[in-house]
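Visitor: what's the 3D shape of this:
(one chain, ligands or ions: 1)
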Amino acid sequence: MTLLQARNLRYRRQKTVILDDISLSFHQGELTALLGINGAGKSTLLRLLLGLMPPDEGNIFLQNKPLKAISRKTIARHIAYVPQEHKAIFPYTVEEVVSLGRLPYIAFGQNLSLSDKQAVKQALDYLNIASLSARPYTELSGGERQSVLLARALAQGASILVLDEPETGLDFGQQLRLAVLLQRLADEGYCIVATTHDPLRARQIFSRAILLQQGRIIADGAPKSVLTRSAIEALYNIDENIALSWESVE
Ligand SMILES: Nc1ncnc2c1ncn2[C@@H]1O[C@H](COP(=O)(O)OP(=O)(O)OP(=O)(O)O)[C@@H](O)[C@H]1O
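Guide: This next block holds a predicted model:
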């Protein structure tokens, strides 16, 4: 089932075209990696898909409804964003940060309902971080913060998860655990779109890879057919003399 669709998106800043003629559909149960060099337009595309800014041309549809006709609160019930890092100035507890995921369901000035509290508890349990509930978010490690932000996204009850370079700052073991978690969420039906700078890992973990170059899609499909050795070398401008471990890449 198609959950989110972009049709002929174009985005400019002054005279520079940042995204050009982007058409994409994202489906239930799909784990999509968005790859491209620094400045290719990945974050800009995510911001458009999240409805944080409008495209100059084209349209985005959330379950066949134009995104621009949907309120922010309703969008937030369908699409959750996991930023690369979240700088907390005030030392909210982990439970309070995860509870923020319930804001789209709460009227102004109201407290969390029983079902909101249950959703928060479920998300904390799912991410295995219930033991951190009372800890100040500001005192957590990078990996723990990542788990809290994922829990907040799950508490939001959205079926589409958008993640900006989720593996950044995680140690090797945490990266593997994150990969397993994302695969499990996709198996459960979540539609997941994540930017990444790791094409070798993307080949192993994701079910789909989209390559962006200078604001255009240059490839879209199964990671093993899109992320070939020659495609990776061309995308990242890698000299073939650079010694890299390509054993597993044809
Ligand atoms: N508000 C803006 N004004 C001018 N240029 C912008 C603006 N936002 C983004 N850009 C430019 O658009 C291009 C794409 O930026 P974007 O952040 O989407 O790239 P990216 O692929 O996410 O890069 P990275 O991998 O470094 O995060 C860059 O050249 C950037 O300088």
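
Visitor: switch to C-alpha atoms for all contacts and neighbour counts from now on
Guide: OK.

Visitor: List the contacts of the lengthiest helix in the chain.
Guide: For the chain, the helix with the greatest residue count under DSSP state H is helix 172-187. In this structure, residues lying in contact with helix 172-187 by CA atoms under 8 Å, 6 or more residues apart in numbering are 28-31, 143, 167, 192, 205-206.

Visitor: Quick check: mean pLDDT of that helix?
Guide: Regarding helix 172-187, the rounded mean pLDDT is 92.

Visitor: next one: stretch 39-53
Guide: Rounded mean pLDDT across stretch 39-53 is 95.

Visitor: Pull up the distance across that stretch, start to finish.
Guide: 18 Å (CA to CA, to the nearest Å).

Visitor: what secondary structure does the residue nearest to residue 21 when sequence neighbours are not counted sit in?
Guide: Once flanking residues are discounted, residue 21 sits nearest to residue 8: 4.5 Å by CA to CA, 6 or more residues apart in numbering. When classified by DSSP: H, G, I helix; E, B strand; the rest coil, residue 8 comes out as strand.

Visitor: Would you agree residue 8 is in contact with residue 25?
Guide: No. Judged on CA atoms under 8 Å, residue 8 makes no contact with residue 25 at a distance of 11.3 Å.

Visitor: Compare those two (neighbour count), which wins?
Guide: Taking other CA atoms under 10 Å, residue 8 and residue 25 do not tie; residue 8 has more neighbours (16 against 13).

Visitor: Just confirm yes or no for stretch 198-215 near the ligand.
Guide: No. Using CA under 6 Å from any ligand atom, stretch 198-215 never reaches the ligand; the gap is at least 7.3 Å.

Visitor: For that stretch, list every residue counted as buried.
Guide: Neighbour counts over stretch 198-215 (16 or more other CA atoms under 10 Å) mark 199-200, 202-203, 205-215 as buried.

Visitor: ditto for stretch 174-181
Guide: 174-175, 178-179.

Visitor: do the same with stretch 99-119
Guide: 99-105, 112, 116-117, 119.

Visitor: Can you give me the end-to-end span of that stretch?
Guide: Using CA to CA, the two ends of stretch 99-119 sit 9 Å apart.

Visitor: residue contacts, the closest residue to residue 93 other than its chain neighbours?
Guide: Spatially, and ignoring its direct neighbours in sequence, residue 93 is nearest to residue 136 (4.2 Å; CA to CA, 6+ apart). Residue 136 makes contact with 91-94, according to CA under 8 Å, 6+ apart.
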